[in-house]
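**Q** Return atomic coordinates for the entry below.
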Amino acid sequence: MKGFLLALVLLAAACQTASAPPAPPAATTADERVTFNNQVVRVFQRHCQECHRPGEVAPFALTTYRDAYARRDDIVDAVRSRYMPPWKAVPGHGDFTGVRRLSDAEVDLIARWVADGATEGEPHDLPAPPKFPSGWTLGTPGAVLAMEEPFTVPPRTRDVYRCFSIPIRVPGDGRFIRASEVLPGNRKVVHHVVTFLDLTGRSVELDRAEPGPGYTCFGGPGFDSPGGLGGWAPGYPGIEIPPGVAWRIPPGARLVVQLHYNNPGDAPETDVTRIGLHFTSGPFDRRLHGVLASAWNFVIPAGAPRTTVVARTDVQEDLEAIAVHAHMHLIGRAMTVTALLPSGRREPLLRIDDWDFDWQLLYYFKRPVALPAGTIVEAECVYDNSPGNLRNPSKPPRVVRSGFGTTDEMCQARVLSTARLKGRG
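**A** I've put the predicted structure just below:
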């Protein structure tokens, strides 16, 4: 099958929570004034401050009244439109953990605060600030993989996609891991990180063919990959697989780390991103398994406001799905992922109605979803190639085909699953 297999883990979808969950907003009556100190800051602590705090990549902080007051109108627009916090999964299509979506009551609370004058409130109502983890959040790794050379992002540049090929050197029989964590070297400029395993050596050739550290890449690493070793985006921790499951690193593999950089500042910024691996120590009887539904050789007509592409794949053995991830490029508008079970029942796995290339999340199910052998995983991808699509990079629109390029498209859904271990081959 042509095309690359996306990383087993792109962006972990559970929130990076504080040491203790902040208290929920205080209940209010219809005639009670909403204040920052008594209600609004608690919403920000629970849903926003993991990114919107000093030292993180969000463009502004939401930790103080002054921070929030200055952005009050923008905040209302962002939460009403569901642009923030970033959580694209539509409720009712998959039962997920770590949901970042604000409730309707929380959205109304923020809107009411602004409408009432965005007052600060009494100092004694202000809750203690949460304590967020720093550095390695999963503990000291058993091995650390790192970019072999620093990469410098020029000033005033956006959307730099760079891939770095890293040899995997692990001690002893360290080919089975239980967790992986990506640690960006410079959070001022790192937007998100995706990893891919290279079993072909192609990444070394691509690196040598281009001056400087790494090579230019978008969408994929430029070769077929059997998966990856995790990823990172603002506010998301490393990934830990369930106990009793083996996450295998193929012998001889290299790790390709794709960095998406943005540097709006006036000075160059340098980055060395690292990946920490935690090895499996206990017994295991299941293995990590990826199911990929991927469409290829499709065409999206120029000017078409709605084109639908369907990708399907068969499940060959009994699996338990633990997470689901969707992938399209810039003119993608929506995706629905469904499991068609042998019994005839349709199991909804994921639905996204407002696709955004910048927020490609991995959504973890609260409980494993059984996918018996014979199940068909189906992804329905919808594209808008019209002039009215503000995210369309081609003006006027042009014919778009499937491919790896920035202005090509993809239709892929990966279901991260576990299967019974048949041996350590």
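
**Q** Could you tell me the per-residue confidence at P283?
**A** In this model, P283 is scored at 87, pLDDT.

**Q** Next one: it from L421, what distance?
**A** In this view, P283 and L421 are 10 Å apart by C-beta to C-beta, to the nearest Å. Heads up, the C-betas are built off the backbone N, CA and C, glycines and all.

**Q** need the contact list for C381.
**A** 295, 308-311, 328, 332, 334-335, 411 (C-beta atoms under 8 Å, 6 or more residues apart in numbering).

**Q** Quick check: bridge partners of it?
**A** Beta-bridge pairing for C381 (DSSP bridges): V309, M335.

**Q** D116: neighbour count?
**A** Neighbourhood size, D116 [other C-beta atoms under 10 Å]: 12.

**Q** now the one 5 residues further on
**A** Other residues within reach of G121, judged by other C-beta under 10 Å, total 18.

**Q** Show me which of the contacts of C381 are buried.
**A** The neighbour-count criterion (16 or more other C-beta atoms under 10 Å) marks 295, 309, 311, 328, 332, 334-335, 411 among these as buried.

**Q** Those residues into a markdown table, with extra columns for pLDDT and distance to V57?
**A** Shown next, in a markdown table, are the buried ones among the contacts of C381 (pLDDT from 0 to 100; distance: C-beta to C-beta, whole Å):
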| residue | pLDDT | distance to V57 |
| --- | --- | --- |
| A295 | 97 | 32 |
| V309 | 98 | 32 |
| A311 | 98 | 32 |
| M328 | 94 | 23 |
| G332 | 97 | 23 |
| A334 | 98 | 27 |
| M335 | 98 | 25 |
| C411 | 96 | 29 |
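
**Q** Looking at P283 and L421, which one has more neighbours?
**A** Each of P283 and L421 has its neighbours counted (other C-beta under 10 Å); L421 has more, 14 against 8.

**Q** and the gap between that one and R53?
**A** 42 Å.

**Q** can you check R306 too?
**A** 39 Å.

**Q** Also G121?
**A** 20 Å.

**Q** swap in R274?
**A** Taking C-beta to C-beta as the measure, R274 falls 22 Å from R53.

**Q** more neighbours, the two?
**A** Legend: neighbour count by other C-beta under 10 Å for R274 and R53, higher for R53 (20 against 17).

**Q** what's the pLDDT at that one?
**A** For R53, the model assigns a pLDDT of 89.

**Q** Could you pull up the contacting residues of it?
**A** Contacts of R53 (C-beta under 8 Å, 6+ apart): 61-63, 132.

**Q** In which helix or strand does it reside?
**A** According to DSSP states H and E, R53 maps onto no helix or strand at all.

**Q** L206 too?
**A** Secondary structure assigned from DSSP H and E places L206 in helix 202-208.

**Q** hmm, who's touching the helix or strand just after that helix?
**A** Next helix or strand after helix 202-208 toward the C-terminus (DSSP H and E): strand 215-216. Contact with strand 215-216 is made by 161-163, 203, 206-207, 209-210, 222, as judged by C-beta under 8 Å, 6+ apart.

**Q** now do 7 Å
**A** With C-beta atoms under 7 Å, 6 or more residues apart in numbering as the test, strand 215-216 has contacts from 161-163, 206-207, 209-210.

**Q** tell me the mean pLDDT for it?
**A** If you average the pLDDT over strand 215-216, you get 96.

**Q** and the helix holding L206, what does it pack onto?
**A** Packed against helix 202-208 by the contact rule (3 or more C-beta pairs under 7 Å, 6 or more residues apart in numbering; DSSP states H and E) you find strand 157-167.

**Q** Using CSV, write down the CA coordinates of the helix or strand following the strand it packs on.
**A** Later in the chain than strand 157-167, the nearest helix or strand by DSSP H and E is strand 176-183. C-alpha atoms of strand 176-183 as CSV (Å, rounded to 0.1, in the frame of the first residue of the first chain):
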residue,chain,number,x,y,z
PHE,A,176,10.2,-3.4,24.6
ILE,A,177,9.0,-0.2,26.1
ARG,A,178,6.1,0.8,28.3
ALA,A,179,6.2,4.5,27.8
SER,A,180,7.7,7.3,25.6
GLU,A,181,7.9,11.0,26.3
VAL,A,182,9.0,13.8,23.9
LEU,A,183,10.7,16.8,25.6
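
**Q** who does strand 176-183 pair up with?
**A** Sheet pairing here is set by DSSP bridges, and for strand 176-183 it gives strand 239-240 (antiparallel), strand 245-248 (antiparallel), strand 274-279 (antiparallel).

**Q** average model confidence for that strand?
**A** 92.

**Q** Pull up the pairing partners for the helix or strand just after it, direction included.
**A** As assigned by DSSP H and E, the chain's next helix or strand after strand 176-183 is strand 190-198. If you go by DSSP bridges, strand 190-198 pairs up with strand 231-232 (antiparallel), strand 254-263 (antiparallel).

**Q** Show me the one of the ones you listed that comes nearest D318.
**A** strand 231-232 (27.4 Å; C-beta to C-beta).

**Q** which residue sits closest to A253, ignoring its sequence neighbours?
**A** L197 (4.7 Å; C-beta to C-beta, 6 or more residues apart in numbering).

**Q** wait, the one you found sits on G227?
**A** Yes: between L197 and G227 there is a contact at 5.6 Å, judged by C-beta atoms under 7 Å.

**Q** Turn the strands paired with strand 176-183 into TSV, columns for mean pLDDT and distance to M147.
**A** Listed next are the strands paired with strand 176-183 as TSV, based on pLDDT from 0 to 100; distance: least, C-beta to C-beta, whole Å:
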stretch	mean pLDDT	distance to M147
strand 239-240	82	20
strand 245-248	86	22
strand 274-279	94	8
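
**Q** For S417, find the nearest of those strands.
**A** Across the strands paired with strand 176-183, closest to S417 is strand 245-248 (C-beta to C-beta), at 9.9 Å.

**Q** Convert the C-alpha atoms of stretch 371-388 to CSV, please.
**A** Presented in CSV, the C-alpha positions along stretch 371-388 are these (Å, rounded to 0.1, in the frame of the first residue of the first chain):
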residue,chain,number,x,y,z
LEU,A,371,-12.8,-5.1,17.4
PRO,A,372,-13.4,-8.8,16.5
ALA,A,373,-11.6,-10.3,13.5
GLY,A,374,-13.6,-9.4,10.4
THR,A,375,-14.4,-5.9,11.6
ILE,A,376,-14.0,-3.2,8.9
VAL,A,377,-12.6,0.2,10.1
GLU,A,378,-14.0,2.9,7.9
ALA,A,379,-12.9,6.6,7.6
GLU,A,380,-15.1,9.1,5.7
CYS,A,381,-13.1,12.2,4.9
VAL,A,382,-14.7,15.4,3.7
TYR,A,383,-12.8,18.2,1.8
ASP,A,384,-13.6,21.7,0.9
ASN,A,385,-11.6,22.8,-2.2
SER,A,386,-13.6,26.0,-2.8
PRO,A,387,-12.6,29.6,-2.8
GLY,A,388,-14.7,30.1,0.3
